[in-house]
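**Q** coords please:
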Amino acid sequence: MASGVKKKSANVVVWIILLLLIAGLGGFGVSNFGGSTAAIATVGDTEVNVNDYYRALQQELRGFQAQTGQQLPLSQAVALGVDQNVRARLITSASLDNETKRIGLSVGDERVKTEVLATPAFQGINGSFDRTAYSQTLDQAGLNEAEYENTIRAETARTILQSAVINGVEAPAAMTAAFINFTQENRNFSWIRLDQTSLPELVPEPTDAQLESYYQANAADFIEPEKKRLSYIWVTPDMVVDQVEISDDDLKKEYDNRQSEFSKPERRLVERLIFPNDTDIAAAKARLDANEATFEELVTERGLTLLDIDLGDVLVDTLGDAGEAIFAMESPGIIGPIQTNLGPALFRMNGILAAQNTAFEDVKAQLQDELALDRARRQISASITDIDDLLAGGALLKEVADESDLQLATVDWAEGDSDGIATYSAFRDAASAVVEGDYAEVLELDDGGIFALQYDEVVPSALNPINTVMSDVISGWENTEIEKRLSEMADDLIARINKGEDITTLGYEVTSEQSILRDATIEGIPFGLIEEVFSMEKGAANKVDGNSVAFVVRLDDVLPPEADNPDLIQIKDTMETAISQALSQDIFAAFSGALQSEVGVSVNSAVINAVHSQFPQ
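**A** Down below sits the predicted model:
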């Protein structure tokens, strides 16, 4: 009896929980939101329907997959803000719908009918409206006719309202002029390049004190990054190929199997130009013999190219009836007419490839190397299962190395390292992914080798002792000293220019640039120099420091946009269109934001979460 009471009580609890779940979710998930009128958000009196949100989000995820070929899980989509963008778009549409209702803006049945009849998806094979196609298409989209027609009505009214807000927005003339001046102004300037050869004397050898000072001041340049200490076992075909024995019988068999590679009969490089009849080819051959036309011209007159008539290197049997005559030729030339199964033809023989017969002894060493490497790859591949079994059974890397041809080694590895075994991308990928606690497993290298690695510990970043990086310290000090001296030289030249000396009289090679736009690139000078030029006043001089170089630049003239530039009108039109579109978008965003602020927006997070639960996470 007591157990019966417990059972009955438990059933009651279960039913209460189920009822609460159904009430809380509003039936979501029962039939893919079909028939649900719940909203994910409300703008004034207008709701954003849950089905609309589901479809819009699904369409966004499918669009990503179509572009990238990869499925985007919802968790990643949420992290990227995809769901927020979808909701923002639907809420904006709802705010417009709410406003059209408030001001009484609507469209009649005739407009809806016109839209429906003009939709290609609803037309039959004769191009006219097909009611069956209409119903089936809507059914596949999860809509009925009333829902779809109401959607058209709302979208049309929304478009009318949106157009009224953004249409007619023109780019202000002053703004267009400002953009045109900014992008189309020109500069004339002159520049001098200073490098190490410009210095009056060589940079002296640094003292120990100078090197120590540079080392301490630039310690960040000499810090070894944090690394992973990894143990690994590995073997490649090259490492074991010497252990592989290949018998002479196997080598001879391989030689025989590849006889076509080592013994090739005589061949000819041939082109064939076919004519429709004997009369045409006779006339063409006569012109050719009289030097009135070249073979190439005859090919062109036939509407062909040399590639079209090229037969490549051919054997005598390949050429059929023409083979004997062509192979009788002792030097390149043209022969014909010769009858072929395609019609009369002229043949041009461009080269003779002598017969090639390579003796077994001449390729024995090559075959030995190739077969040994292939057999080594096969033996390594066949060992993968056994090695994986040892590792899965708890064997240490050293134990596996002791029982196999694999070699044990360690490496301190960081992202970007590509020495030793890290020349293999498979090892770099595995080293990047491995973490403490991962089990070693056999992975393959692209040359047929294999490896397995394990994470040992972190090697903290540390400052390399100066004696281990001395060459870098010396190089860095020298570059810094050169740049310092070049910068001082540039300052001196700028001071002389500012005192009235002409840049062309300073004793250095001067390059002059004319009519240079802001986005121009000029070979030999850094992009930053052009940026500097466009920030200078006419007649001013300045410097731009580079990597062991320095530039002295003087702005000679500031030129307005070229009035005779034939592209200026199109540039101006494009600029006005872009400005108008940007202003329209800003105005519409402000209008939509004002509507939402005025009537209020409420978001139902529980319904949103219910929709999200329907997608792969």
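
**Q** what is the neighbour count of the spatially closest residue to Ser425 that is not a sequence neighbour?
**A** Nearest residue to Ser425, sequence neighbours excluded (CB to CB, 6 or more residues apart in numbering): Asp446, at 7.3 Å. Where C-beta positions appear, they are placed from N, C-alpha and C, glycine not excepted. Other residues lying near Asp446 total 8 when counted by other CB atoms under 10 Å.

**Q** for Asp446, grab phi and psi.
**A** Main-chain dihedrals, Asp446, degrees, to the nearest 10: phi -70, psi -10.

**Q** pretty sure it is in contact with Tyr424, am I right?
**A** Yes - counting by CB atoms under 8 Å, Asp446 touches Tyr424, with 6.6 Å between them.

**Q** quick one: contacts for the residue nearest to Ser425?
**A** Asp446 makes contact with Tyr424, Ser425, Ala426, according to CB atoms under 8 Å, 6 or more residues apart in numbering.

**Q** quick one: the residues you listed as a markdown table, columns for secondary structure too.
**A** Converted to a markdown table, the contacts of Asp446 look like this (DSSP: H, G, I helix; E, B strand; the rest coil):
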| residue | secondary structure |
| --- | --- |
| Tyr424 | coil |
| Ser425 | helix |
| Ala426 | helix |
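
**Q** top of the residues you listed by neighbour count?
**A** Tyr424 (20 neighbours).

**Q** and that residue, how far is that from Asp369?
**A** Between Tyr424 and Asp369 the computed distance is 21 Å (CB to CB, to the nearest Å).

**Q** what secondary structure does Ser592 sit in?
**A** Ser592 is classified as helix under three-state DSSP.

**Q** isn't it right up against Ser93?
**A** No - using CB under 8 Å, Ser592 is not in contact with Ser93; the gap is 9.3 Å.

**Q** which strand or helix spans Gln71?
**A** Under the criterion of DSSP states H and E, Gln71 resides outside all helices and strands.

**Q** ok, now how distant is it from Phe222?
**A** 46 Å.

**Q** hang on, the earlier thing: pLDDT value on the residue nearest to Ser425, please?
**A** At Asp446, the model reports a pLDDT of 92.

**Q** what's the answer for Gly34, then?
**A** Note for Gly34: predicted pLDDT of 47.

**Q** adjust the sequence numbering to begin at 429 for everything that follows.
**A** Done: numbering now begins at 429, and the last item shifts to Gly462.

**Q** give the buried residues for the one helix or strand Trp619 maps to.
**A** Assessed by DSSP H and E, Trp619 sits inside strand 614-622. Within strand 614-622, the residues that count as buried by 16 or more other CB atoms under 10 Å are Asn614, Arg615, Asn616, Phe617, Ser618, Trp619, Ile620, Arg621, Leu622.

**Q** which residues does Asp833 contact?
**A** By CB under 8 Å, 6+ apart, Asp833 lies in contact with Val663, Met667, Val668, Gln671, Ile808, Ser811.

**Q** name the next helix or strand following the helix-or-strand element of the chain with minimal mean pLDDT along the chain.
**A** Least confident helix or strand of the chain, by mean pLDDT, DSSP states H and E, is helix 430-453 with a mean of 38. Downstream of helix 430-453, the next assigned helix or strand under DSSP H and E is strand 467-471.

**Q** direction included, what does that following strand pair against?
**A** Sheet pairing for strand 467-471, assigned by DSSP bridges, gives strand 474-477 (antiparallel), strand 1029-1031 (antiparallel).

**Q** give me the neighbour count for Thr470.
**A** Neighbours around Thr470, by other CB under 10 Å: 18.
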